[in-house]
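1. Sequence plus predicted model, see below.
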Amino acid sequence: MKVLLTLLLWAILLVLCWPLALLVLIAWPFLWLLSIPFRIVGAVMNALLALVKTLLFLPARILGDRGGTS
């Protein structure tokens, strides 16, 4: 569904301003390549935060807390 919406928006842009639509078509792969390092940093930060959360809750898990049961 996301691809269809993107294609529809690009087609509208092509009708309204074709030079800008062609520029977007050419520039999109380069922008995607530039975003790869930020995606990697985001994945690393997510993993580090999961590790910190696991380390913080480790004593409760060792003591047998089930979590969420009141």
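-> Ah, there it is. Residues are numbered from 1 along each chain as shown.
2. okay, now residue 64: neighbour count?
-> 6 (other Cβ atoms under 10 Å). Just so you know, the C-beta spots here come from the backbone N, C-alpha and C atoms, and that holds for glycine as well.
3. For it, which three-state class applies?
-> Here residue 64 is recorded as coil under DSSP: H, G, I helix; E, B strand; the rest coil.
4. For burial, what's the neighbour tally of residue 23?
-> 12.
5. That one is in what secondary structure piece?
-> helix 18-62 (DSSP states H and E).
6. Quick one: low-confidence residue ranges for this structure.
-> Counting by pLDDT under 70, the chain shows low-confidence ranges at 66-70.
7. Against residue 57, how distant is the residue of the chain positioned farthest from its centre?
-> In terms of distance from the mean C-alpha position of the chain, residue 63 ranks first, at 35.8 Å (Cα atoms, centre = their mean). As judged by Cβ to Cβ, to the nearest Å, residue 63 and residue 57 stand 11 Å apart.
8. repeat for residue 33
-> Residue 33 is 38 Å from residue 57, by Cβ to Cβ.
9. How many residues are close by residue 10?
-> 14.
10. Run through the residues that contact it.
-> 21, 24, 25 (Cβ atoms under 8 Å, 6 or more residues apart in numbering).
11. name the element it belongs to?
-> Counting by DSSP H and E, residue 10 is part of helix 2-16.
12. For that helix, C-alpha coordinates in PDB please.
-> Output in PDB follows, covering the C-alpha atoms of helix 2-16 (Å, rounded to 0.1, in the frame of the first residue of the first chain):
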ATOM      1  CA  LYS A   2       2.900   2.300   0.800                       C
ATOM      2  CA  VAL A   3       4.400   1.700  -2.600                       C
ATOM      3  CA  LEU A   4       1.100   2.500  -4.400                       C
ATOM      4  CA  LEU A   5       0.700   5.700  -2.400                       C
ATOM      5  CA  THR A   6       4.300   6.700  -3.300                       C
ATOM      6  CA  LEU A   7       3.700   6.000  -6.900                       C
ATOM      7  CA  LEU A   8       0.500   8.000  -6.900                       C
ATOM      8  CA  LEU A   9       2.200  11.000  -5.300                       C
ATOM      9  CA  TRP A  10       5.000  10.800  -7.800                       C
ATOM     10  CA  ALA A  11       2.600  10.600 -10.700                       C
ATOM     11  CA  ILE A  12       0.800  13.700  -9.400                       C
ATOM     12  CA  LEU A  13       4.100  15.500  -9.100                       C
ATOM     13  CA  LEU A  14       5.000  14.400 -12.600                       C
ATOM     14  CA  VAL A  15       1.800  16.000 -13.900                       C
ATOM     15  CA  LEU A  16       2.200  19.200 -11.900                       C
END
